[in-house]
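> Okay, predicted coordinates and the sequence, questions at the end:
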Amino acid sequence: MLPHLDELYRTAVRLLKGNRDEANDLVQDTFVQAWKSFDRYERGTNARAWLYAILMNKARHYHRRITTRKVVPLSDHGDETLLDRVEGSAPLTAETISDENILAALERLSEEHREVVLLADVQEFSYKEVAEILEIPIGTVMSRLSRARAGLRSHLHTYAGEFGIGMSKPGGGSE
């Protein structure tokens, strides 16, 4: 199970929109749960998929818990929070779409769509394995993946336009 630790962590970071501390906790919770329920693991089956199923369930619980938290200001300066006092910086101009733009586009997807992209396209699980991990029908996996990829194309097209990058049309021309 430990050989999968790093890739589980990377996936957890993406699921939690870059929050590395929470991702670390999520992966630790995943391994604790795996250890507690190891008697239910069937030897010879896909241990990686089993760990991802646990990770996805833990991530869903995390998202439910986080949406019920109350927001508390970070300072005692009335309504002003620490974020209100941080000066913004001028946007950078890029010639290509950066990894950060791709990750930002991924984060703009809904949780359901982000999960299938991470499992199918990043971790390269088969549609059947993704369906088993997320406990959804394979048709739902294909539908969500199609919509997620369309969303990513749309978001990345927007980033490209903001940076003045011409996008190729399927026929070979540019816009």
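Good, I have the coordinates.

> What's the local residue count around E107?
Number of residues near E107 (other Cβ atoms under 10 Å) recorded here: 14. Where C-beta positions appear, they are placed from N, C-alpha and C, glycine not excepted.

> I figured E7 was touching L119, is that so?
No. When contacts are counted by Cβ atoms under 8 Å, E7 is not listed as touching L119 (11.1 Å).

> Settle it for me: which of these two has more neighbours?
Remark: of E7 and L119, L119 carries more neighbours, 25 against 14, as counted by other Cβ under 10 Å.

> for that one, what are its contacts?
11, 52, 56, 125, 129-130, 133-134 (Cβ atoms under 8 Å, 6 or more residues apart in numbering).

> Redo the residues you listed as a markdown table? Include distance to K36.
Listed next are these as a markdown table, based on distance: Cβ to Cβ, whole Å:
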| residue | distance to K36 |
| --- | --- |
| T11 | 21 |
| Y52 | 17 |
| M56 | 17 |
| F125 | 24 |
| E129 | 23 |
| V130 | 24 |
| I133 | 19 |
| L134 | 21 |
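
> What count of nearby residues applies to Q28?
14.

> Need the pLDDT of it.
Listed pLDDT for Q28 reads 91.

> Over to S146?
Confidence at S146, expressed as pLDDT, is 92.

> same deal with S174?
45.

> do the same with Y127
Per-residue confidence (pLDDT) for Y127: 92.

> Identify, by residue count, the longest helix of this protein.
helix 138-162 (DSSP state H).

> List the buried residues of that helix.
141, 144-145, 148-149, 151-152, 155-156, 159-160 (16 or more other Cβ atoms under 10 Å).

> got CSV for those residues, with distance to S98 too?
Converted to CSV, these look like this (distance: Cβ to Cβ, whole Å):
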residue, distance to S98
V141, 29
R144, 26
L145, 24
A148, 20
R149, 20
G151, 19
L152, 15
H155, 13
L156, 11
Y159, 9
A160, 11
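
> Now flag whichever of those is closest to N101.
For the buried residues of helix 138-162, the closest approach to N101 (Cβ to Cβ) belongs to Y159, at 4.6 Å.

> care to break the protein down by domain?
1-70, 94-175 (automatic domain parsing).

> These: lowest mean pLDDT?
domain 94-175 has the lowest average pLDDT among these, namely a mean of 80.

> the helices in this structure, which residues?
Using DSSP H, the helices of the chain run over residues 5-15, 20-36, 47-67, 82-85, 99-108, 111-117, 127-134, 138-162.

> Which neighbouring residues are in contact with L8, exactly?
Counting by Cβ under 8 Å, 6+ apart, the residues that L8 touches are 27, 30, 51-52, 55.

> Taking those residues together, which two end up most distant?
V27 and Y52 (11.3 Å).

> So between those two, which is more surrounded?
Neighbours per residue (other Cβ under 10 Å) separate V27 from Y52, with Y52 holding more: 26 against 22.

> Alright, that wraps it up for me.
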